[in-house]
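Chemist: Whatever this is, show me its structure:
(one chain, ligands or ions: 1)
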Amino acid sequence: MISPKEINNFHIKIVPCNEIPKIVDYLLKFYFTDEPLSKCLNLTKSPEAVKFLKEFCTEALKENVSVLATDKTGKIAGVSCNVILRKNIKHFNFNIDPKIEKIATFVLKTIDEAKVFEKYDDVNEALYIAFMSVHPGFRNQGLAKILLEQSRLLALSLGLKVMRMDCCSLYTAKAAQRFGWECLNEIKYVDYTIDGKQVFKPEEPHKELGIYGIRIENTSFNLKSSI
Ligand SMILES: CC(C)(COP(=O)(O)OP(=O)(O)OC[C@H]1O[C@@H](n2cnc3c(N)ncnc32)[C@H](O)[C@@H]1OP(=O)(O)O)[C@@H](O)C(=O)NCCC(=O)NCCS
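Modeler: All right, here's what the predicted structure looks like:
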């Protein structure tokens, strides 16, 4: 586990159980309305999707491996909602809402082709950054990179050796690249079509979904040189 700390005026800690409902509301307001794939499908306009996402995020946060950043006033500045992935375990049935299914089909195809556990064939578990979100008022100040580094320290403390993040935003991809993550597979949105039609048309500058992985032993995400 990581202990609470102050970094660049942000208070950093593991998401406590009693704050889960608040974080779920935050994610619905600032992650699923802004994450490029959800945004271009207007995902949060679908009540079924919202119900599913609330349950999904609650279960993820209950794993006790997510990292929260708050500002001086205690306001949520960002959260890295993380889960532990286990080899050969398929998690959820996404056939719940057409928009969720559309996103899940695309993301799972990109993940399958990335062959993560074949690439890191000596591990059976990895820390997965499921939802990385920074509040609009704190973006582009290095907070996603702080949350990534704290997630890495948490993963190490749990004895994990590998992390994975699926980057549908150019900004998470940039953070991953900055820290030396490997892009294991990438599909450009213009190339993903069904019946000849492009399925996702996110806003610029987001052009592709990249599946990134990294071995975290002996790696340090050097924040000083990257913020
Ligand atoms: C994606 C997100 C988490 C990034 O958080 P952030 O704290 O702003 O990111 P950082 O400040 O740590 O920056 C990460 C990288 O993106 C770049 N970046 C971030 N915002 C940028 C912007 N508006 N314009 C240009 N570059 C930007 C940074 O320069 C940095 O790259 P660098 O290290 O090469 O300089 C945030 O934009 C967000 O919450 N978006 C909505 C939800 C989402 O899309 N999540 C990711 C889904 S995969």
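Chemist: Next, residue 163: phi, psi?
Modeler: When read as degrees, to the nearest 10, the backbone of residue 163 gives phi -130, psi 150.
Chemist: What ranges does the protein have for its helices?
Modeler: For the chain, helices defined by DSSP state H occupy the ranges 20-30, 36-40, 47-62, 98-114, 116-119, 143-157, 170-178.
Chemist: can you put those in CSV and add mean pLDDT?
Modeler: Conversion of those to CSV gives the following (pLDDT from 0 to 100):
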stretch, mean pLDDT
helix 20-30, 98
helix 36-40, 98
helix 47-62, 96
helix 98-114, 95
helix 116-119, 95
helix 143-157, 97
helix 170-178, 97
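Chemist: Out of those helices, which one sits most buried?
Modeler: helix 143-157 (a mean of 22; mean count of other C-beta atoms under 10 Å). For the C-beta atoms, the positions are set from N, CA and C on the backbone; glycine is no exception.
Chemist: Remind me what that one packs against, helices and strands.
Modeler: In this structure, helix 143-157 packs against strand 10-14, strand 67-70, strand 76-86, strand 125-134, strand 162-167, helix 170-178, with contacts taken as 3 or more C-beta pairs under 8 Å, 6 or more residues apart in numbering; DSSP states H and E.
Chemist: where does the protein come near the ligand, residue by residue?
Modeler: By the criterion of C-beta under 6 Å from any ligand atom, the positions of the chain lying close to the ligand are 31, 34-36, 132-134, 139-145, 167-169, 171-172, 174-175, 178, 226.
Chemist: out of the helices of the chain, nearest to residue 89?
Modeler: Put simply, out of the helices of the chain the one that sits nearest residue 89 is helix 116-119, at 10.6 Å, with distance taken as C-beta to C-beta.
Chemist: What helices and strands are in contact with that closest one?
Modeler: Helix 116-119 packs on strand 208-215, going by 3+ C-beta pairs under 8 Å, 6+ apart.
Chemist: Sheet partners, orientation included, of the strand it packs on?
Modeler: Using DSSP bridges, strand 208-215 pairs in its sheet with strand 162-167 (antiparallel), strand 182-188 (antiparallel).
Chemist: Give me the residues contacting that strand.
Modeler: The list of residues contacting strand 208-215 from outside it, by C-beta atoms under 8 Å, 6 or more residues apart in numbering, reads 37, 106-107, 110-111, 114, 116, 119-120, 126, 161-168, 173, 176, 179-189.
Chemist: what's the answer for stretch 81-101, then?
Modeler: With contact meaning C-beta under 8 Å, 6+ apart, stretch 81-101 is reached by 15, 23, 27, 31, 41-43, 46, 48-49, 52-53, 56-57, 60-61, 63, 65-67, 104-105, 108, 117, 123-133, 151, 154, 158, 160, 164.
Chemist: Okay, buried residues for it please.
Modeler: In terms of neighbour count (16 or more other C-beta atoms under 10 Å), stretch 81-101 has its buried residues at 81-83, 85, 94, 96-97, 99-100.
Chemist: Need the CA coordinates for that stretch. PDB is fine.
Modeler: Extracted as PDB, the C-alpha positions of stretch 81-101 are listed here (Å, rounded to 0.1, in the frame of the first residue of the first chain):
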ATOM      1  CA  CYS A  81      -9.400   3.900 -10.800                       C
ATOM      2  CA  ASN A  82      -7.300   0.700 -10.800                       C
ATOM      3  CA  VAL A  83      -8.000  -3.000 -10.700                       C
ATOM      4  CA  ILE A  84      -5.900  -6.100 -10.600                       C
ATOM      5  CA  LEU A  85      -6.100  -8.100 -13.800                       C
ATOM      6  CA  ARG A  86      -5.700 -11.800 -13.600                       C
ATOM      7  CA  LYS A  87      -4.700 -14.000 -16.600                       C
ATOM      8  CA  ASN A  88      -7.500 -15.900 -18.300                       C
ATOM      9  CA  ILE A  89     -10.300 -14.300 -16.200                       C
ATOM     10  CA  LYS A  90     -12.900 -12.700 -18.300                       C
ATOM     11  CA  HIS A  91     -14.600 -10.100 -16.100                       C
ATOM     12  CA  PHE A  92     -18.000  -8.700 -17.200                       C
ATOM     13  CA  ASN A  93     -20.800  -9.200 -19.500                       C
ATOM     14  CA  PHE A  94     -21.000  -6.000 -21.500                       C
ATOM     15  CA  ASN A  95     -24.100  -6.900 -23.400                       C
ATOM     16  CA  ILE A  96     -26.100  -4.500 -21.200                       C
ATOM     17  CA  ASP A  97     -26.400  -1.400 -23.300                       C
ATOM     18  CA  PRO A  98     -25.700  -1.000 -27.100                       C
ATOM     19  CA  LYS A  99     -23.200   1.900 -26.500                       C
ATOM     20  CA  ILE A 100     -21.300   0.000 -23.700                       C
ATOM     21  CA  GLU A 101     -21.200  -3.000 -26.000                       C
END
